[in-house]
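>>> Show me how the following folds:
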Amino acid sequence: MSYEEPIIISILNNDVMLDRECWCCDRGNKERGESFRDENGVCDQCNGTGFILTDLGEGILKFLKRHSKE
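Numbers count the residues shown, from 1 in each chain. Sure, this is the predicted structure:
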């Protein structure tokens, strides 16, 4: 698996994170017990992506869903 960095954007000259590394599975490097994994062994916090959205990231997704034409 290639290592990816969290997504950071600049807003009004301030760098803000849109997502951060998953606290639960540490990008798949930690065994945290069965309580954090679904029946397929995937982290139930990040759905296997290794990243969790910040509040700003969640807001941007809501904005995009509201204004998408699909």
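
>>> Find the residue at the geometric middle of this protein.
Ile52 (2.3 Å; C-alpha atoms, centre = their mean).

>>> residues contacting that one?
If you count contacts by C-beta atoms under 8 Å, 6 or more residues apart in numbering, Ile52 has them with Asp19, Arg20, Glu21, Cys22, Trp23, Gln45, Cys46. C-beta here means a position set from N, CA and C on the backbone, and glycine is covered the same way.

>>> Show me what it is bridged to.
Note on Ile52: beta-bridge partners Arg20, judged by DSSP bridges.

>>> Shouldn't Phe63 be within a helix?
Yes: assessed by DSSP: H, G, I helix; E, B strand; the rest coil, Phe63 belongs to a helix.

>>> Could you report the separation of it from Arg20?
Relative to Arg20, Phe63 is positioned 19 Å away (C-beta to C-beta, to the nearest Å).

>>> And those two? Which one has more around it.
Arg20 (15 against 10; other C-beta atoms under 10 Å).

>>> So the more buried one versus Glu39, what's the distance?
Distance from Arg20 to Glu39, by C-beta to C-beta: 26 Å.
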